[in-house]
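Enquirer: Make a model of this:
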Amino acid sequence: MNIDLDPQELLDTINQTMPFGKYQGRKLLELPEPYLVWFHGQGFPNSKLGRQLALMYEIKVNGLEEMLHTLQGGRV
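Expert: Prediction:
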């Protein structure tokens with residue numbers, strides 16, 4: 001997955017809350033990796049949320065989420 005991303009888009013993604021399902025109300029950065037792996041297997045929705053979930057999947061499977069916790073609620 002090749003991602004061209006501006007910093008604000010990254011902040012929007014990590015601060016986005018899940019709008020439905022078992023993890024409704026949780027920030028995408030706080031979603032468990034197995035849930036994102038499941039979504040990856042099913043196919044992400046064709047929407048902004050789907051792109052955000054795909055980005056979060058890449059962040060989590062590559063072990064990058066810890067460095068993003070300091071950005072939660074932040075601004076660029």
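
Enquirer: Please identify the buried residues of the longest helix that the chain contains?
Expert: Taking DSSP state H as the criterion, the chain has its longest helix at helix 48-61. By neighbour count on 16 or more other C-beta atoms under 10 Å, the buried set for helix 48-61 is 49, 51-57, 59-60. (C-beta placed from N, C-alpha, C; glycine too.)

Enquirer: could you measure Glu58 against Gly25, distance?
Expert: In this view, Glu58 and Gly25 are 23 Å apart by C-beta to C-beta, to the nearest Å.

Enquirer: again but with Val37, I slipped
Expert: For Val37 relative to Gly25 (C-beta to C-beta), the value is 21 Å.

Enquirer: returning to what we had before: contact partners of the longest helix of the chain?
Expert: Helix 48-61 is contacted from outside by 1, 3, 5, 10, 12-14, 16, 19, 28-29, 31, 33, 36-37, 39-40, 44-45, 65, 68, using C-beta atoms under 8 Å, 6 or more residues apart in numbering.

Enquirer: and if you look at stretch 17-30?
Expert: Contact with stretch 17-30 is made by 13-16, 31-32, 35, 49, 52-53, 56, 59, 65, 68-69, 72, as judged by C-beta under 8 Å, 6+ apart.

Enquirer: again, only this time at 10 Å
Expert: For stretch 17-30, the external contacting residues (C-beta atoms under 10 Å, 6 or more residues apart in numbering) are 12-16, 31-32, 35-36, 39, 49, 52-53, 55-57, 59-60, 65, 68-69, 71-73.

Enquirer: Same check on stretch 35-45?
Expert: Stretch 35-45 has contacts (C-beta under 10 Å, 6+ apart) with 18, 21-23, 26, 28, 31-32, 50-61.
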